[in-house]
Structure formats: structure tokens, C-alpha cells
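S.K.: attaching a predicted model along with its sequence, questions to come.
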Amino acid sequence: MSLPDFALITLYSLGLKQLIFDYKKTVFIREFLHRTALKELVSCVYCQAIECAVLALILRPYTEPVLVVLSVGFVAIALDAQIFKSIAMMEEIRNFEVNHEDQARDEGTTEEGDLAS
């Protein structure tokens, strides 16, 4: 298996894992799997990744477009989470600077007001 194939299978597996084990609307699949003999295997994140990789390898010749869509969705979720976290951190930093300046101004006003009375 070449490195690009490995990367594709990895993305396909992560997309499939996201759909089966993390997506809230597929809870019925997880509930079904927990009622089978596979209960212990589907409860382990490591095992979930292996199972999805096996499924991706088996299904790849037949359902590659679906696996591509799932992979794109997984990448979008991962990037969105990272970008949102970065934006939130930046807003917090900028709010701190603005709030800190406002607080310093308010303290200066309060001190002047206290001296005047």
C-alpha cells in the first residue's frame, strides 16, 4: 500500500468512524452494536478505528464516493473545531485588552472622583 492510499484509507476510516460512532443521528447503530457480541469492541476508540479501517478497505471499491463525502465531512468538522477555538481565543485576548483598558480608565475616574469629594 502506497502512502497516498494509506492516507485515503485513514481519512475514509475517520469519516466512517465519525458517522457511526460520533454522529448523534446514528445512535440506533450504536445501540444495535451494543446489543451484540461486539459490545466490547465497539466501546473502545482504538477498536472502532480498526473496525472502520477494515470496513473502508472492504467497501472502498464499491462505495468510494460515499467514503470521500464522509472524509470531507470529518475534515470539515476537525478544521471547524480548530478554527472556532482559535477565533474564540483571539476574541478573549482582545476582550481582555479592551476590558483591562476600560478598567484602568474606570479606576482613574474613581480615584479622581474620590479626591474631589
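M.R.: Everything's here; your move.

S.K.: tell me the spacing between the spatially most central residue of the chain and L11.
M.R.: By C-alpha atoms, centre = their mean, the mean C-alpha position of the chain lies nearest to A78, the distance being 4.4 Å. For A78, the distance to L11 equals 10 Å [C-beta to C-beta, to the nearest Å]. Glycine gets a C-beta too; all of them are placed from N, C-alpha and C.

S.K.: now do V75
M.R.: Computed as C-beta to C-beta, the V75 to L11 distance reads 7 Å.

S.K.: and for I20?
M.R.: Using C-beta to C-beta, one obtains 15 Å as the distance from I20 to L11.

S.K.: and the single longest helix found in the chain, what does it pack against?
M.R.: If you go by DSSP state H, the chain has its longest helix at helix 45-116. When contacts are defined as 3 or more C-beta pairs under 8 Å, 6 or more residues apart in numbering; DSSP states H and E, helix 45-116 packs onto helix 3-17, helix 39-42.

S.K.: contacts for the helix or strand just after the longest one?
M.R.: The first helix or strand that comes after helix 3-17 along the chain, using DSSP states H and E, is helix 27-34. Contacts of helix 27-34 with the rest of the structure, by C-beta atoms under 8 Å, 6 or more residues apart in numbering, involve I20, F21, K39, V42, S43.

S.K.: and of those, the nearest to Y62?
M.R.: Proximity of those to Y62 (C-beta to C-beta) peaks at I20, which lies at 17.2 Å.

S.K.: residue contacts, the closest one?
M.R.: Applying C-beta under 8 Å, 6+ apart, the residues near I20 are T26, I29, R30, Q48, C52.

S.K.: what is the least confident helix or strand in the chain?
M.R.: Across the helices and strands of the chain, mean confidence by mean pLDDT, DSSP states H and E is lowest for helix 45-116: a mean of 79.

S.K.: what's the angle from that helix to helix 3-17?
M.R.: With axes from the mean of the first three to the mean of the last three C-alpha atoms, to 10 degrees applied, the angle from helix 45-116 to helix 3-17 works out at 70 degrees.

S.K.: off-centre distance for helix 45-116?
M.R.: 8 Å (C-alpha atoms, centre = their mean, to the nearest Å).
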